[in-house]
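>>> Sequence plus the predicted model coming up.
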Amino acid sequence: MSAFSNLVLSPMLLPAMPASTVVLPSFSFHEFQPLLPAALLAITAMLLMLTEAFSVSKSRSYQAILAVVASAVAGFLAFQNTQLPAGLILNGRGVMDGFSSWITLIACLAAGMSSLLALGFFRQRNAERGEFYGLLLFSAAGMSLLSVSNEFVTLFVNLELMSLATYALAAFWRRGNRSVEAGFKYFILGAFASAILIYGVALLYGATGTTQLDMLYHVLPKALEDSPWLVWSGIILVLTGLSFKIAAVPLHMWTPDVYEGAPTPVTALMSAGIKAAAFVALLRVILHIGDSSAMLLHILCFLAALTMVVGNLLAIAQRNVKRMLAYSSIAHAGYILIGVAALFAGGHLGNKVGVLSATQMANSTAEMLRSSALQGILFYLLSYAITVVGAFGVLAAIERREDDGAPNAWDLSKLSGLATRRPGWALAMALFMFSLGGIPSTIGFLAKLYLFKAGMSAGLIGLSILGVLASAAGMYYYLRVIVYMYMRPPTVTETGIRHWSTEFILAVSAVAVIVLGILPGPLLDWLSQASLFSPN
Amino acid sequence: MNASSPLLNYVIFLPMAFALLVLLLPGNEKGQIRFIALLGMLVNLLTGIWAFVAFNPSGPEFQLEYRLFWLSDLGLSYHLGVDGLAIALVLLTAFLGPLLVLSSWRFVNERVKEFHVCLLVLQTAMMGALCALDIMLFYIFFEAMLIPMYFLIGVFGSEERQKAALKFFLYTLAGSLLMLVALLCLFFLSGPEGARSFDYASIYNGLLEANREVGLCMQNSASCSNLSATAATLLKWGPWMFGAFALAFAIKIPMFPVHTWLPDAHVQAPVAGSMVLAGVLLKMGTFGFWRYAMPLFPAQAWAFQNLLVALSLVGIVYGALMCLAQKDIKKLIAYSSVSHMGFCMLGMLTFQKEGTMGAAYQMLNHGISTSALFLLFGMLYERRHLRGVADYGGIAKAMPIFTVFFLIISFSSIAVPGTNGFVGEFLVLLGTFRSNLPLWAGILATTGVIFGAAYMLWVVQRVFFGPVTHPANTTLKDVNFREFVTVLPLVLLVFVMGLKPQPILEVLSPSVERYIARVHQARPNAEGQTLPPQRENASLRMYVRTLPSKKTESAHMGHAQAEALGPLLANNPAGERL
């Protein structure tokens, strides 16, 4: 896939290397190890496309199962990779570290779970197609490759691989206008963001002469002295492009429309997987382009605060549950940005701010702060993925075919009395809502705790307090879902069609939300050991 | 090292086990569900009594300790233990449990399964909050209480239940989330990296010296010059952190201006919900002040004493005046709660022996008398489904036994000598007059008692005596056997605790003395504090179980976990202090 194509491209991108010396570089096997999950996903995706072309059987369930199995195996491979030491691979085009492997694992998890959701969802609508699963796996492969990218062109190509597949997925449900509208909107705005990103990359290349992140790190200080305007414009444009993907305010406008219009399993994939992959790209870029810049920290903090507050406030006004979850995903991006800011702060500025005086911080090294922030971010992404896929799973389960395209398709009233109609689903949804709101004994609480603790240990006290208050405000709209499910009489008699795959996803996520919220076991240790490649 | 005992685990988690059992029963087997739930509560009562008996008042501060590794890289451990106040409240909670199920035997007829699961889970959460010795564990249980209570009000309440439930949830959540931030600040202040933990004793001991310095500095600005870094931070940010803790607990109590959720919640909640809310949940606020806010921030406690006393006094008088104006009986009982909990806070804020003892006793009294009032009114409500004072009148003719019960509980509520209420309120008032508080504070509190008698007797007169204004009230049936059995233990307790308070006072008194000593550490020159600093410090320290440093356990632990614990264990060679 794209990373492999970069192997061929790579000599051309090195400006120092004259053309006559071009030889194909030799790589050892272990350098390909981080790419294995993506390769597996991509091969399976192509296989799925082929089955659609040559399929003779009418039943298509096996396609979903194939996608799930591929995601599971890829996830397992990614898990094996989490213990890899940090280092550069493939001539510095890629990077290998535990962090990227965990993101790959989250992407595989999201892909596998949304495939299972899609199985029941499209079966009910007679719209099962192999392309869907193929595109889904391509998107997951893009996420995985994005997480190992260490060079702007590679990063861009992988971002596009992920995005293009998702544009198509968002518009996959052709019969409804909304899905097409979502896909179109996502595509136009996404392409615009990509253009901004690549423009920023071009400016940075112009100022520094390299697109490779670790080299950029070393030459940037000098370039910043020589041509500060060029470099800063480049940085701002790159950050803008990436902020679009994580849906940070003020670049969040697309999120509610796209999340609402896309078929619900695709929405689950977007909120769980794409967010994680976009965060890793943002994080890598930020770590390399402004390691000690106070200005950038302030921008990040401002972005985090704005995203949390605006996301939560807009979510409060929603009656449409799917849109509410979309806005809440913006708010969650804001919480994760606290972790990013903490990782970035890494002890540089922590000493001067807030409650913790210099002596308190003396013993905690930047290293420890970074690893705790990294652990917080990873755990949050993982917990958010599990919870939000479950929540969208419930929505997918109760969605009625007649409502496709109707403006009130996901109105709160559709959930009325769910507790009497489908007690199991209502219980699961209540758990997901409590977890998203961060109530103790769910995974969401533990994740928030780790994240805010990391934020506070980096000295970002004010931001953490704001995050805490924002999540208190957020609880309002999560509780409203529970109010409708448990405290209102049913207004619709239909209960939604049960399908084993949907129920399986709901059960697994609900159990995970509780069990990992109380006894995360070795998971947090593994996460705390995740390495992150850093240039210094 | 204190002895380890798994008893508290049973106290906490047996109700949860029964909740799972109830969950497995089919929803239409209502009798079976009620029976299993009652059984669960009775078992819980037995374990509670067992724990109370096993508690030795003259023993170490925290007893029945139990400690396990849990989320060690975060600084958390699963640490349980009770002191005198906690074990008394545990007993109260366990005691109310069976009554909750009995009181709802006929009242709740729909979603019986969910109702009892909520009650049992709530029991677990309350017990956990009382027994936790790790602040984060306390916080987790403290927040977890919200969920079942939210459903109890929101699903099983009356007309306006959704609004009331939402108000209850958001009020409490907002307060406790700010406490979470303060808690994280404390965590970072409590020691150097690696030696920190959320363990209560560890945080408390870590701040002991700094608190002394801050206390000295606040009394005498000359000693402010060479503060340690922790003390300087605590001096600057302490008021905010104390404020966050105080706000969280004040909302729970509830104290005057943040009490507005309580009348709504009480009015809308079902009988059992009101009972447990008044009986135990409100105590979590005063317990929180007692256990956490005051000992961790003694200097700030002194600094805020006047403000908090003023708010308590306003609560006492305002609550009583609101009672006089109420037409809705449930609302009246709710406002009387505000008034009574004001007494609890006032007693605790005297920072003096009698007052504090009275506060502790008053917590138990309020748990008994107010939940009994809700229980009794619930019986009336079950018969007429009306809440207004004017809807009743002359009930005594139709329901004589019921009237006797209600009168006894009312006497307890207005502190007639011979009932439990008298012991508590008398001690609080005595303490207030003896303390450093101005005389008018005591006088104002005394008017609260008088108002209390006025509203309570007035409502009794209007409801039970006089002519029967509504014909429906003439045919009301008196209490049946189940109801009799439900009320009787509470009525007996009113007298037992009123006539023979010594056994309970004996259990409470070491806790009271420690509480006072800890608050006074920030006032070394105040009266009655003549111990030299070093000795005093030693007696103020908390001694708890350390985590076992078993090699085998380290082998099972993840690498990072062992690393995180390494310094923790290395700093405690004696294995005594953490």
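Thanks, I have it. Numbering: from 1, shown residues only, chains lettered A, B, ... in the order given.
>>> contacts for stretch A:413-423?
A:321, A:398, A:403, A:408, A:425-427, A:429, A:481, A:484-486, A:488-492, A:495-496, B:114 (CB atoms under 8 Å, 6 or more residues apart in numbering or on different chains). Just so you know, the C-beta spots here come from the backbone N, C-alpha and C atoms, and that holds for glycine as well.
>>> And residue 97, what's its pLDDT?
You didn't say which chain, so I picked chain A. A:Asp97 carries a pLDDT value of 86.
>>> try chain B instead
So B:Gly97 comes in at 91 (pLDDT).
>>> and what of B:Ala562?
The model's pLDDT for B:Ala562 equals 39.
>>> And the one 10 residues further on, by the same measure?
Per-residue confidence for B:Asn572 comes out at a pLDDT of 41.
>>> just for the stretch 251-400 of chain A, where's the confidence low?
For the stretch 251-400 of chain A, applying pLDDT under 70 flags the ranges A:290-292, A:346-365.
>>> residues near residue 378, how many?
Picked chain A for this. The local packing of A:Leu378 (other CB atoms under 10 Å in any protein chain shown) involves 30 other residues.
>>> Chain B, not that one
Neighbour tally, B:Gly378, other CB under 10 Å: 22.
>>> Kindly report the same for A:Asp226.
11.
>>> which other residues reach stretch B:235-248?
Outside stretch B:235-248, the residues that reach it (CB under 8 Å, 6+ apart) are A:355, B:175-176, B:178-179, B:181-182, B:185-186, B:214, B:217-218, B:224, B:227, B:258, B:288-289, B:292-293, B:296-297, B:299-301, B:303-304, B:308.
>>> which bits of the stretch 251-400 of chain B sit near chain A?
Within the stretch 251-400 of chain B, no position lies close to chain A (CB under 8 Å from any CB of the partner chain).
>>> How about the stretch 251-400 of chain B: which residue is closest to chain A?
B:Gln268 (11.2 Å; CB to the nearest CB).
>>> if I pick that residue, what's in contact with it?
By CB under 8 Å, 6+ apart, B:Gln268 lies in contact with B:153, B:157-161, B:163-165.
>>> Model confidence score at it, please.
With respect to pLDDT, B:Gln268 scores 90.
>>> restrict the contacts of B:Gln268 to those near chain A?
Within these, those near chain A by CB under 8 Å from any CB are B:161, B:165.
>>> hmm, which of the contacts of B:Gln268 are the buried ones?
Buried subset of the contacts of B:Gln268 (neighbour count, 16 or more other CB atoms under 10 Å in any protein chain shown): B:153, B:157, B:161, B:164-165.
>>> Residue for residue, what is the longest helix chain B has?
helix B:353-384 (DSSP state H).
>>> The closest residue to B:Pro501 other than its chain neighbours: how many residues sit nearby?
What sits nearest to B:Pro501 in space, not counting adjacent residues and going by CB to CB, 6 or more residues apart in numbering or on different chains, is B:Val423, at 4.8 Å. Counted with other CB under 10 Å, residues neighbouring B:Val423 total 25.
>>> just A:Ile236 next, same as before
Residues near A:Ile236, counting by other CB under 10 Å: 15.
>>> Would you write out the PyMOL command that picks the buried residues out of the contacts of stretch A:413-423?
In PyMOL, a selection of the buried entries from the contacts of stretch A:413-423 looks like this (16+ other CB under 10 Å):
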select buried, (chain A and resi 321+398+403+425+426+427+429+481+484+485+486+488+490+492+496) or (chain B and resi 114)
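>>> Just give the number of residues close to the single nearest residue of the stretch 201-350 of chain B relative to chain A.
Closest approach of the stretch 201-350 of chain B to chain A (CB to the nearest CB) occurs at B:Ala229, with a separation of 3.9 Å. B:Ala229 has 15 neighbouring residues, counting by other CB under 10 Å.
>>> quick one: the strands in the chain?
As the question left the chain open, I've gone with chain A. A:87-89, A:94-96 (DSSP state E).
>>> looking at chain B here, not the other one
Using DSSP E, strands in chain B cover B:63-69, B:77-82.
>>> Could you report the neighbour count for the residue in chain A that chain B sits nearest to?
Across chain A, no residue is closer to chain B than A:Asp525, which sits at 3.3 Å (CB to the nearest CB). Other residues lying near A:Asp525 total 20 when counted by other CB under 10 Å.
>>> Check the one 3 residues further on too.
Per other CB under 10 Å, the neighbour tally for A:Ser528 reads 24.
>>> Wait, it touches B:Leu74, no?
No. With contacts counted by CB atoms under 8 Å, A:Ser528 stays clear of B:Leu74, the gap being 9.8 Å.
>>> hmm, back to that, of the contacts of stretch B:235-248, buried ones?
Judged by 16+ other CB under 10 Å, buried ones among those: A:355, B:175-176, B:178-179, B:181-182, B:185-186, B:214, B:217-218, B:227, B:258, B:288-289, B:292-293, B:296-297, B:299-301, B:303-304, B:308.
>>> Test my guess that B:Ser223 contacts B:Leu216.
Yes. Between B:Ser223 and B:Leu216 there is a contact under CB under 8 Å: 4.5 Å.
>>> More neighbours: which of these two?
Neighbours were counted for B:Ser223 and for B:Leu216 using other CB under 10 Å; B:Leu216 has more, 21 against 14.
>>> quick one: the more buried one from B:Pro270, how far?
B:Leu216 is 52 Å from B:Pro270, where distance means CB to CB, to the nearest Å.
>>> cool, A:Gly467 as well?
Here the criterion is CB to CB. By it, A:Gly467 lies 35 Å from B:Pro270.
>>> Would you mind telling me which of these two has the busier surroundings?
A:Gly467 (28 against 23).
>>> pLDDT score for that one?
Value for A:Gly467, per-residue pLDDT: 90.
>>> for the one 5 residues further on, same thing?
Reading off the per-residue confidence, A:Ala472 sits at a pLDDT of 87.
>>> Pass me the low-pLDDT residue ranges in the stretch 451-578 of chain B, would you?
For the stretch 451-578 of chain B, the ranges with pLDDT under 70 are B:524-539, B:548-578.
>>> Check the stretch 51-200 of chain A too.
Short version for the stretch 51-200 of chain A, where the test is pLDDT under 70: A:56.
>>> which stretches of it form helices?
A:61-81, A:98-124, A:130-148, A:152-170, A:177-208 (DSSP state H, counting those that start in this stretch).
>>> same question, the stretch 301-450 of chain B
B:305-325, B:329-349, B:353-384, B:395-398, B:400-413, B:420-434, B:439-464.
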